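S.K.: requesting a structural model of the entry that follows:
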Amino acid sequence: MISISNIYVQYGDRIVLNNINLVIGQRDKVGLVGRNGAGKSTLLKLIAGAEEHQSGNITRPTHSTLAFLHQDLLLPKGKTVLEEAMSAFEEIKQMEARLEELNVILSERTDYESDSYHDLLVEIGDLSEHVHLVGGSTAESDAIKILSGLGFKQSDLNRLTDEFSGGWQMRVELAKMLLRQPDYLLLDEPTNHLDIESIIWLESFLENYPGAIIIISHDKQFLDNITKRTIEIELGKVFDYKANYTKAMEMRKERRELQQNAFDNQQKVINQKERTITRFMAKASKTTMAQSMQKQLDKMERVEIDDEDTSAMRLQFQPSPRSGQIVVEGQNVKKQYDDLLVLDGVDFKMDRGDRVAFVGQNGQGKTTLAKILVGKEPANGGEITLGHNVMIGYYAQNQADSLDPKKTLLETMEENSPPELRPRLRNILGSFMFSGEDVDKKVFVLSGGERARLAMACLLLRPINLLILDEPTNHLDIKAKEVLKKAVMEYDGSLIVVSHDRDFLADLTTRTVEFRDHKLYDYIGDVNAFLEKRALDNMRAVEMSTKNSAANQDTKKSNDSENKVLQKNIQQAERKIAELENEIKKKEQQMAEDGFFESPNHSKILQEYNNLKKDLDLKMVEWELALEAMG
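M.R.: You can find the predicted model right below:
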């Protein structure tokens with residue numbers, strides 16, 4: 001277990017963790033929650049040894065393993081995706097070498113009753129178990145399965161990691177961690193860069209994970225499906241609930257209500273006693289009794305109410321300048337990346353005041369169309385026309401990452417502000433919960449949520465009448481999401497919002513555009529009306545349904561060609577699997593013969609047998625992937 005004792009962390013005049021105590025068990029599935037900047041990522045860094053604390057102790061078993069997926073990782077260059085994933089097994093090789101070394105030491109020891117001999121046995125046992133869990137001949141096939149689950153195609157495996165965005169590189173790093181299967185897995189916002197299918201796959205994988213997991217996430221459903229314990233950090237303290245997130249928040253509310261009721265009742269008793277003492281002190285005959293009552297009152301253990309962080313972001317968009325009746329129009333828009341067709345001749349039109357949600361599976365073109373509309377991405381065909389006097393405000397998925405890390409908050413705002421607004425920048429930053437000395441902080445010291453708030457503040461500095469938000473709730477805590485939604489609800493211009501967050505989208509828009517099979521499908525109403533029409537009960541079902549809907553439509557010639565190739569691959573894989581199984585059977589018959597292990601070539605046959613088993617595992621993975629691609 002991990003033991004956290006009296007940990008104290010302070011940055012400047014702000015106490016982040018105030019002498020906290022926690023124990024994380026070997027099989028705990030923990031959700032770590034709290035406001036942006038509360039100290040969640042700090043606590044994970046402390047546990048991982050990536051940051052120092054001012055006082056206290058953190059201990060875990062000497063030979064235990066730990067992996068930490070953080071928000072600012074950087075992969076080495078020059079390796080393919082599969083090669084980088086397979087580097088996870090280098091640690092296993094080191095363990096095997098250490099295990100061999102320990103076995104040699106053990107054979108020379110005779111102090112069987114000593115503590116050191118017992119410790120040696122424990123280390124050998126731990127290493128043996130871990131090597132057994134994650135080592136073996138199935139390493140490459142396991143790597144391919146996990147990479148596939150995280151969204152990589154077969155054709156991606158031999159591409160260099162340098163070719164992929166930071167989000168995809170994060171998936172490679174996550175794959176390495178899942179392959180290692182450390183005793184303690186620390187995940188900081190693992191779903192931020194995953195599409196919906198990968199999130200569902202990861203949930204399924206982590207539900208049965210054999211070790212302990214600590215997850216920071218603002219995805220309530222993800223936490224509810226995996227965790228069975230919730231630790232909330234608030235104003236330097238921790239509150240521990242033996243429940244998933246939704247149940248924990250109910251327990252939190254009940255706890256505060258009980259505290260408040262106990263406090264109110266005690267205050268009534270105290271007030272009554274103080275009135276009695278005051279009356280008795282006025283009478284000489286009852287002075288002694290009054291003094292006795294005062295002593296009792298002084299000794300009374302007072303009920304305290306836990307402090308609550310009531311700070312909140314204040315966000316309000318400027319009134320929108322009037323635009324033309326048609327805000328933006330796209331005709332026969334096509335977008336293709338090399339051989340990947342994303343949008344195939346789509347039409348899209350927005351009138352003044354329209355509020356549109358873009359929904360659908362990741363990779364279907366939602367973000368691509370948003371970028372084309374704002375001029376951040378060229379189309380391969382078709383025409384985009386902006387209406388009269390249209391002023392666009394665009395918040396991209398990675399907007400916070402585009403901020404200059406070396407600039408201060410105030411310098412960042414000045415860079416994005418018109419001259420007439422600069423005297424008000426400190427006040428605007430204050431409304432986004434950056435006050436006092438905060439404005440002189442460098443951007444690189446901010447948490448992911450704080451950077452998102454700063455990027456949002458920059459969006460408010462100029463008047464806009466077409467607001468385009470692409471996954472704006474990433475990195476925002478639940479309260480900040482509510483504030484953002486309220487401000488967007490009150491915004492009086494035209495709106496496009498790309499999101500997977502059903503709670504955020506509910507009642508926010510008047511149109512819903514579904515992206516499916518390179519086309520757009522327009523529905524009247526908000527996301528709930530859309531879901532009702534599609535007879536689907538949640539956004540995940542919508543996004544997963546993209547594949548199913550494709551099977552029910554007339555397939556295009558390109559799909560026919562692709563299916564023929566897949567069918568051929570399946571048939572070839574099945575023939576090869578049959579051949580390998582037959583060869584393996586022959587080897588097993590040889591190995592079952594009397595005197596096999598005395599024969600001079602038994603080592604060669606064993607090696608051939610193991611190689612055949614490896615080949616069979618890999619061919620089975622290829623066959624499974626081809627079947628999945630066929631739908």
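
S.K.: flag the shaky bits of the stretch 401-550 of the chain, pLDDT-wise.
M.R.: Where the stretch 401-550 of the chain drops to pLDDT under 70, the residues are 401, 534-550.

S.K.: where along the stretch 51-200 of the chain do the helices fall?
M.R.: 81-86, 90-108, 115-134, 139-149, 166-180, 196-207 (DSSP state H, counting those that start in this stretch).

S.K.: nearest to residue 2 among those helices would be which one?
M.R.: helix 115-134 (15.5 Å; CB to CB). (Glycine included, C-beta is placed from N, CA and C.)

S.K.: ends of stretch 157-177, what's the gap?
M.R.: One end of stretch 157-177 to the other measures 17 Å (CA to CA, to the nearest Å).

S.K.: ah, wrong one, I meant stretch 230-245
M.R.: The first-to-last residue distance of stretch 230-245 comes to 6 Å (CA to CA).

S.K.: give the buried residues for that stretch.
M.R.: 230-236, 238-239, 241, 243-245 (16 or more other CB atoms under 10 Å).

S.K.: got a list of contacts for that stretch?
M.R.: Applying CB atoms under 8 Å, 6 or more residues apart in numbering, the set of residues contacting stretch 230-245 from outside is 15-18, 20-22, 30-35, 38-40, 43, 220, 223-224, 227-229, 247-248, 251-252, 255, 306-309.

S.K.: list the contacts of residue 150.
M.R.: With CB under 8 Å, 6+ apart, residue 150 has these contacts: 171, 174-175, 194, 198, 201-202.

S.K.: look at it and report its pLDDT.
M.R.: Note on residue 150: pLDDT of 88.

S.K.: ditto for residue 77
M.R.: Reported pLDDT at residue 77 in the predicted model: 84.

S.K.: what distance do you get for it to residue 171?
M.R.: Using CB to CB, to the nearest Å, residue 77 is found at 17 Å from residue 171.

S.K.: got it, and residue 125?
M.R.: Distance of residue 125 to residue 171, computed by CB to CB: 33 Å.

S.K.: what about these two, which has more around it?
M.R.: Ranked by neighbour count (other CB atoms under 10 Å), residue 125 and residue 171 place residue 171 first, with 25 against 11.

S.K.: can you name the residues that contact the more buried one?
M.R.: 147, 150-152, 193-194, 198.

S.K.: any chance of those residues in a markdown table, plus distance to residue 402?
M.R.: Listed next are the contacts of residue 171 as a markdown table, based on distance: CB to CB, whole Å:
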| residue | distance to residue 402 |
| --- | --- |
| 147 | 28 |
| 150 | 25 |
| 151 | 24 |
| 152 | 26 |
| 193 | 15 |
| 194 | 21 |
| 198 | 24 |
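
S.K.: out of the residues you listed, what pair is the most spread apart?
M.R.: 147 and 193 (14.6 Å).

S.K.: more neighbours, these two?
M.R.: More neighbours surround residue 147 than the other of residue 147 and residue 193, with 25 against 21 (other CB under 10 Å).

S.K.: picking that back up, let me know the closest of the contacts of residue 150 to residue 337.
M.R.: Distance to residue 337 across the contacts of residue 150 (CB to CB) is lowest for residue 171, with 18.5 Å.

S.K.: does residue 383 count as helix, strand or coil?
M.R.: Using DSSP: H, G, I helix; E, B strand; the rest coil, the three-state assignment for residue 383 comes out as strand.

S.K.: buried stuff in the helix or strand harbouring residue 45?
M.R.: Using DSSP states H and E, residue 45 maps to helix 40-48. By 16+ other CB under 10 Å, the buried positions in helix 40-48 come out as 40-48.

S.K.: swap in stretch 291-300?
M.R.: For stretch 291-300, a neighbour-count test (16+ other CB under 10 Å) marks residue 293 as buried.

S.K.: try stretch 480-492
M.R.: Within stretch 480-492, the residues scored as buried using 16+ other CB under 10 Å are 480-481, 483-485, 487-488, 491.

S.K.: with secondary structure and distance to residue 410 added, can I get the residues you listed in JSON lines?
M.R.: Supplementary listing: the buried residues of stretch 480-492 in JSON lines, determined by DSSP: H, G, I helix; E, B strand; the rest coil; distance: CB to CB, whole Å:
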{"residue": "480", "secondary structure": "helix", "distance to residue 410": "21"}
{"residue": "481", "secondary structure": "helix", "distance to residue 410": "26"}
{"residue": "483", "secondary structure": "helix", "distance to residue 410": "22"}
{"residue": "484", "secondary structure": "helix", "distance to residue 410": "22"}
{"residue": "485", "secondary structure": "helix", "distance to residue 410": "27"}
{"residue": "487", "secondary structure": "helix", "distance to residue 410": "22"}
{"residue": "488", "secondary structure": "helix", "distance to residue 410": "26"}
{"residue": "491", "secondary structure": "coil", "distance to residue 410": "26"}
